[in-house]
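Participant: I would like the atomic coordinates for the input below:
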Amino acid sequence: MKTAPMAIAALASLALLGAASAQVAGRGRLDAASDAQDAMDDALFATPNSTTPAPLSNLYATAPDLEAQAPSPQFRANALLPLGWNSNADELSQGGTSSGQWRPVGNLSWASPIGDLPLRATVTGFAETDRTFQASNVDLDKTGGSGRLQLVDPANDQAFSPYFVIGPRWDFIPTFDNQISARQDFNLGFNKRFNFDANFQQVAAAADTSSQTVWSLGMTAFLQRRLREPGVSSNAAFVIPSLSYASGQSWSASFAVEFLSRWFDQNSFGLSSACEVQPIATLEYVVPAAALGGERNAALLGHPAIDLQGSYLKVWSNGPGGGFEQWQTVAALKMGWRF
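Facilitator: Residues are numbered from 1 along each chain as shown. As a prediction, the model looks like this:
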């Protein structure tokens, strides 16, 4: 059944402002929910895994190759198959639904140097399907991408690296049926990382220090302008410290905290601001090539890795029923291909 455009816009606007019903809340808190899920997905992709190729764009400064210059144009394809549990799937301030969830993600990325300039261009595209077992009212399909222009030092993959990102996204009622919202993000920020060896001595600057690095400390910070239709556009500030640890070829771990403050444009609903904090811990095991029948089979299968992740999200908002908290645990199969 088709709904009149004005009715859809009204429903989405109310949902974005935290209306009390489970269906409206689940459909509508798209900013808090999507920012949290993006952070979790990027944390899975950002583990210091030297075997499974990672996407060429990421939130975290400690993600593999993020501040390094691309020696030549390259493509990567990545997939996540996460199965998890969510303590508050419909993101209610009280009485939220606890549910299992399934959130497969596919990602394509391309990066290239820009002539002889210390610049790197990165383009990504993704599709994601969110499904819950006990709260189908919040099920959502998403597609989008990003274009990133980044200043890099070709001789130092630990250098201060400012960047600008444009990131569109579209949300759909399952399964990629009616579009319910669209948004456009403009991010201006920087990454900075510090790499250390097993004795916690800083690794000397070089174009590629990954083979010597055991520990990495990173900082990401950026300002964002988000245009949303329907709903309320906003400005935001993100600060994301991160830590990663690589133990040999198979095991790695990471920890990050996303701090986020968002200020909404003037609106008739009384919503002005929201703050979020989200610590995320991730443990990863790379399946050995020998267990898959050899290196060729491992490459064809995307050098699969198994990840375990835990996350806690706390949101404060002055909107009606706008604040909530949410625990999530995830077990995920991660794969990547380099072209």
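Participant: Please make it C-alpha for all contacts and neighbour counts, starting now.
Facilitator: Fine.
Participant: For the residue most central in space within the chain, what is the enclosing helix or strand?
Facilitator: When Cα atoms, centre = their mean is applied to the chain, the residue found nearest the centroid is Asp38 (2.7 Å). Remark: Asp38 resides in helix 30-45, with elements defined by DSSP states H and E.
Participant: do the same with Arg169
Facilitator: Per DSSP H and E: Arg169 is located in strand 161-172.
Participant: Following the chain past the longest strand belonging to the chain, name the next helix or strand.
Facilitator: Ranked by number of residues, the top strand in the chain under DSSP state E is strand 179-196. From strand 179-196 onward toward the C-terminus, using DSSP H and E, the following helix or strand is strand 215-229.
Participant: which residues touch that next one?
Facilitator: Contacts to strand 215-229, defined as Cα atoms under 8 Å, 6 or more residues apart in numbering, come from residues 59-62, 181-198, 200, 233-246.
Participant: strand partners of that strand, parallel vs antiparallel please.
Facilitator: strand 179-196 (antiparallel), strand 234-247 (antiparallel) (DSSP bridges).
Participant: Flag every buried residue along that strand.
Facilitator: Buried residues in strand 215-229, counted by 16 or more other Cα atoms under 10 Å: 215-228.
Participant: quick revisit: list the neighbouring strands of the strand holding Arg169 plus their orientation.
Facilitator: According to DSSP bridges, strand 161-172 forms sheet pairs with strand 140-151 (antiparallel), strand 179-196 (antiparallel).
Participant: Alpha carbons of the longest strand of the chain, in PDB - could you do that?
Facilitator: Extracted in PDB, the C-alpha atoms of strand 179-196 (Å, rounded to 0.1, in the frame of the first residue of the first chain):
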ATOM      1  CA  GLN A 179      13.100   4.800   0.200                       C
ATOM      2  CA  ILE A 180      12.300   6.400   3.500                       C
ATOM      3  CA  SER A 181      15.200   8.900   3.900                       C
ATOM      4  CA  ALA A 182      18.300  10.200   2.300                       C
ATOM      5  CA  ARG A 183      21.300  12.100   3.800                       C
ATOM      6  CA  GLN A 184      24.500  13.800   2.700                       C
ATOM      7  CA  ASP A 185      27.500  14.100   5.100                       C
ATOM      8  CA  PHE A 186      30.400  16.500   4.700                       C
ATOM      9  CA  ASN A 187      33.300  15.700   7.000                       C
ATOM     10  CA  LEU A 188      36.500  17.700   7.500                       C
ATOM     11  CA  GLY A 189      39.000  16.200   9.900                       C
ATOM     12  CA  PHE A 190      42.300  14.500  10.400                       C
ATOM     13  CA  ASN A 191      44.000  11.200  11.400                       C
ATOM     14  CA  LYS A 192      47.200  10.700  13.400                       C
ATOM     15  CA  ARG A 193      48.800   7.500  14.400                       C
ATOM     16  CA  PHE A 194      51.800   6.300  16.400                       C
ATOM     17  CA  ASN A 195      53.200   2.900  15.700                       C
ATOM     18  CA  PHE A 196      55.300   0.900  18.300                       C
END
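Participant: No more questions from me, cheers.
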